[in-house]
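K.L.:
Following is a predicted model, sequence given first.
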Amino acid sequence: MSDRLSVFKTYKLYVGGKFPRSESGRVYEVTDSKGKWLANAPQGSRKDARDAVVAARKAFGGWSGATAYNRGQILYRIAEMLEGRKDQFVREVADAEGLSKSKASVVVDAAIDRWVWYAGWTDKIAQVVGGANPVAGPYFNLSSPEPTGVVTVLAPQESSFLGLISVVAPVIATGNTAIVVASEKSPLPALSLGEVLATSDLPGGVVNVLSGRTAEIAAPLAAHQDVNAIDLAGADDVLAKELEIAAADNLKRVLRPQPVDYNETPGTERLTAFLETKTVWHPTGSLGASGSSY
Amino acid sequence: MPTTAPAAHALGEVTASDSTLRRFLHGLPGVDAVGLEARAASLGTRSIKTTAKAYAIDLAISMVDLTTLEGADTPGKVRALGAKAVRPDPTDRTSPSTAAVCVYPDMVAVAKEAVAGSSVKVASVATAFPAGRAALSVKLADVRDAVAAGADEIDMVIDRGAFLAGNYMKVYDEIVAVKEASGAARLKVIFETGELSTYDNIRRASWLGMLAGADFIKTSTGKVAVNATPANTLLMLEAVRDFRAQTGIQVGVKPAGGIRTSKDAVKFLVIVNETAGEDWLDNHWFRFGASSLLNDLLMQRQKLATGRYSGPDYVTVD
Amino acid sequence: MASTSASAFEYAPAPESRSVVDIAPSYGLFIDGEFTEAADGKVFKTVSPSTEEVLSEIAQAGEADVDRAVKAARKAFEKWSALPGSERAKYLFRIARIIQERSRELAVLETLDNGKPIKETRDADLPLVAAHFFYYAGWADKLDHAGFGANPQPLGVAGQVIPWNFPLLMLAWKIAPALATGNTVVLKPAETTPLSALFFADICRQAGLPKGVVNILPGYGDTGAALVAHPDVNKVAFTGSTAVGKAIARQVAGTDKKVTLELGGKGANIVFDDAPIDQAVEGIVTGIFFNQGQVCCAGSRLLVQESVQDELMDSLKRRLSTLRLGDPLDKNTDIGAINSAEQLSRITTLVEQGEAEGAERWSPACELPSSGYWFAPTLFTNVTQAHTIARDEIFGPVLSVLTFRTPEEAVAKANNSQYGLSAGIWTEKGSRILAVASKLRAGVIWSNTFNKFDPTSPFGGYKESGFGREGGRHGLEAYLDV
């Protein structure tokens, strides 16, 4: 059996819970760290980006309206599914990042654990960053975090899997929906992640994965009026500035690129970067009509 | 007990049965307590100066139901009160008379004599004031006594127990019966707002009273802890305003108890002016149930006339 | 309106005394603890919008002055940020107390320079200004416990640009958290309302605040742009129009400057058929006529359920007829002057457009003073989502009335806006409040009340109403390296 011809995988985008080829019909060659051909990846277009925004917007109501407990369950389910397909991801990460199997295995373990970390955050972040405000008057006043909306995430270029998950998980943990632009050079782990997400009870459209030229896909997303925020982790300084300028057109929330060690346990910064604070007031009053005097 | 509808107005049908009345009263818009009190407080910050103040003080004096409702009341006390009502400031004949004197039924005849020949009316509390805990027949006899003695106005108390128990038709029927017994005398219906406790109840009671034929709705007896407040008076003024808009019938408002200073009285007049409007700025439609208020109004009046602050020795005790 | 009708109860004029405030004929820039002329000697005049009287002549900061002020702030930053938090707190407590002491003077000053009624400056602006300093003073030595990790650090020099609608209150919202967290500031007040910020400079002097910690640079938009662009500014905080907010967002792109923006709004005030109607009417009036509607979080769109539309509109019109427009210094004035000729013309243009697009305009009978900038309280009915006056921020006493049939429709219409700053909900049904509040995409939701503010309560918008929060614990984040 050793001379059996293997079955290659056709990598596809993941948009709205489906696996389309790029609307452009284009693909580009993905090689490993030594330049050996691994696969052809779809080269996403402006149109793919637009479709992804539509899918993400459509998914937003349901996902943001789901209970935090439910979101936590689903994020944990993603970890479970990944655990079962660990070998595949170890191989893909090793190829993508030029790591030994054992080092790649450490990276994949960390990535799976990151889903678990954020699964636990879904129903706690509101208690940490929200709360009652003691206003000076007869009013009940409560601040609660709410997801910003549709978030474009430019995944880190180098850390193709752990970095990717480190930027995507916090976005959706709080109820946002995401359009992820995979590492340009190493998109395969991201595209395979789509297959995991599709089988993890995550509603279609909550995460949409695009591969291709980062600058080409990111530009229309940064300018898109129905995108609420953008994480520039995967942009270089020149691109980041350009995208931040475009993002100003509808005042997107922008998370600038910054040095991050993805091996470290994250703080809450990426969770809170894409949260709005809503403050609701209501009169409290008194039990009876006798409180008033003059 | 069969019900006699007091008036064939636009809302006549809501008193057709217990359930229609209940549905109507519970269908009235709710009252947000904080918002209501904030509005009342905001009107209280109006700054009423010079000519406006002089106008308001004279208007307030003319709206006072000068009241004595004590177990120790005697003919002598009531006669003194009547004299004061007719000519509140013996040193200044330009001072208006008060609107009325308000006494217990057994003092009506004395009061009537004391104010004879003046514009001052005699109002009498009745219906087992202030608790109202007596048989209807006793209450009606109380009313008839007062009217027979010459009362121009009857201040009745509602059955708060029945109201709080949700027995609105009983309260309604009683008011209707008292109205009938009052004959030509104008009927003021006292809710004892301090006992109704919530603003929603005060709004419902206001409409209930008006539906039953009240000529005035009145906050309180002056005998409980919380009596007239800017907020409950504002709420009742909204009710008479809205009732007139729906039925064409104008009903008066009387806050009673706890209004002691000119400053307070002027605040109430601002509330009248900016809530029900100037049609109510007349003692036919707005009264203050008060006793010590009058002397403070008179001292303020003297201050405006002379530029000096007056003192208690320059107004009469009675 | 009441002031002109032949009411039996005609309120006599009750003006607050102007003598409590002493306005100098000219003011300089406040840089490094000193009042100084602009490097190029430029000046501009500030007028009282209710009379068009010139109040004072103000030095106009240019680029060189911005540079000087930023340098002073940078220099002061070293010591200020190194002070124990408890010491910074005491400076802020001093400032809060001096503001309380001088509140009548500042209220009159603000009314003169801004045109808003003394009732508002006295009962809303000034108490909130003092409370804001008092609140953030207490944070200065407790930052370790604010939820941003241990020992959070200040950013450095904050460049702050504020609007003219609440001049001193917006200054407080900017300066109090900045100083509490250890930053130093360069603040540009609006060109039409520079005076209270310059009086604040004097309060800093009385409080003994170290030189350079607070610098005040009056000027126009170009002064603000120069401040935002200055390379040694670490933090930009802006309150104002969405257009300028976007320009700032572009300008800081690619830099390390941290930005918070508090911008425009088109707040929906939603009245359901089971609302406490009389309080709703008050809330609608407060929502759109407070400060002549020149409020970013104004409830400028009234969404009323069709089943109570007639009743509500009757009540609202009757209520508007009792509003008193006139001398802002009169204690009984409800509606003061529009802040500037420019703003008046913007309001007028949008209102004319509303009429041209077929909406029905109504105002109570109302005589406007012959000098100054005035606009009568105005309602538009027959307005749909497509009308310009339902979409664009008017920033004036103009209410657009739209209707809805179901809660879903109300929420859809309320959210159908580029803005997301505020919204109101009026219903006696608790579950409806919570359901609607959770669906509204706005940063501040007032249920059965409107236009309430408090230093402990975070304020700021969704979408194009800006980002970041001012007030409360949340407000610290904008000035910390977290």
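P.N.:
Perfect, thanks for sending it. Since the model is a prediction, treat every value here as computed from it, not as a measurement. Numbering: from 1, shown residues only, chains lettered A, B, ... in the order given.

K.L.:
burial of residue 171, as a residue count?
P.N.:
No chain specified, so I'll use chain A. The local packing of A:V171 (other C-beta atoms under 10 Å in any protein chain shown) involves 29 other residues. Where C-beta positions appear, they are placed from N, C-alpha and C, glycine not excepted.

K.L.:
Chain C is the one I meant
P.N.:
For C:L171, the count of nearby residues is 22 (other C-beta under 10 Å).

K.L.:
before we move on, what SS does it have?
P.N.:
helix (DSSP: H, G, I helix; E, B strand; the rest coil).

K.L.:
I'd like the distance between B:A10 and B:A214.
P.N.:
17 Å (C-beta to C-beta, to the nearest Å).

K.L.:
Which parts of the stretch 1-150 of chain A are strands?
P.N.:
A:27-31, A:37-42, A:131-132, A:139-147, A:150-154 (DSSP state E, counting those that start in this stretch).

K.L.:
which of these is buried the deepest?
P.N.:
Mean neighbour count (mean count of other C-beta atoms under 10 Å in any protein chain shown) peaks for strand A:150-154 among those, with a mean of 30.

K.L.:
packing partners for that one?
P.N.:
helix A:46-65, helix A:162-173, strand A:177-181, helix A:214-223, strand A:229-231 (3 or more C-beta pairs under 8 Å, 6 or more residues apart in numbering or on different chains; DSSP states H and E).

K.L.:
need the residues of chain B near chain A, please.
P.N.:
B:32-35, B:37, B:40-41, B:44, B:193-194, B:196-199, B:201-202, B:225-226, B:229-232, B:264, B:267 (C-beta under 8 Å from any C-beta of the partner chain).

K.L.:
about what we covered before: let me have the strands of the stretch 1-150 of chain A in CSV, adding mean pLDDT and distance to C:I445 as columns.
P.N.:
Formatted as CSV, these follow (pLDDT from 0 to 100; distance: least, C-beta to C-beta, whole Å):
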stretch, mean pLDDT, distance to C:I445
strand A:27-31, 97, 47
strand A:37-42, 97, 43
strand A:131-132, 98, 15
strand A:139-147, 98, 10
strand A:150-154, 98, 22
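
K.L.:
okay, now C:D32: neighbour count?
P.N.:
18.

K.L.:
what's near enough to touch it?
P.N.:
Residues near C:D32 by C-beta atoms under 8 Å, 6 or more residues apart in numbering or on different chains: C:R68, C:A69, C:A72, C:K75, C:A76, C:K211, C:G212, C:N215.

K.L.:
Now with 10 Å, please.
P.N.:
By C-beta atoms under 10 Å, 6 or more residues apart in numbering or on different chains, the residues touching C:D32 are C:R68, C:A69, C:K71, C:A72, C:A73, C:K75, C:A76, C:P210, C:K211, C:G212, C:V213, C:N215.

K.L.:
Quick check: the residue nearest the centre of chain A vs A:L197, distance?
P.N.:
By C-alpha atoms, centre = their mean, chain A has its centre lying nearest to A:V168, at 2.4 Å. A:V168 is 9 Å from A:L197, where distance means C-beta to C-beta.

K.L.:
for chain C, what are the nearby residues on the stretch 51-200 of chain A?
P.N.:
Proximity of the stretch 51-200 of chain A to chain C (C-beta under 10 Å from any C-beta of the partner chain) is limited to residues A:61, A:64-65, A:128-146, A:148-149.

K.L.:
in which helix or strand would I find residue 190?
P.N.:
Picking chain A for this. Secondary structure from DSSP states H and E places A:A190 in helix A:188-198.

K.L.:
swap in C:N215?
P.N.:
Assessed by DSSP H and E, C:N215 sits inside strand C:214-216.

K.L.:
Could you give the average pLDDT over the helix or strand just after that strand?
P.N.:
Next helix or strand after strand C:214-216 toward the C-terminus (DSSP H and E): helix C:221-229. For helix C:221-229, mean pLDDT is 98.

K.L.:
How far off centre is helix C:221-229?
P.N.:
20 Å (C-alpha atoms, centre = their mean, to the nearest Å).

K.L.:
Likewise for stretch A:266-278?
P.N.:
13 Å.

K.L.:
and the residue in chain A that chain C sits nearest to, how many neighbours does it have?
P.N.:
Residue nearest to chain C within chain A (C-beta to the nearest C-beta): A:K241, separated by 3.0 Å. When neighbours are counted by other C-beta under 10 Å, A:K241 registers 17.
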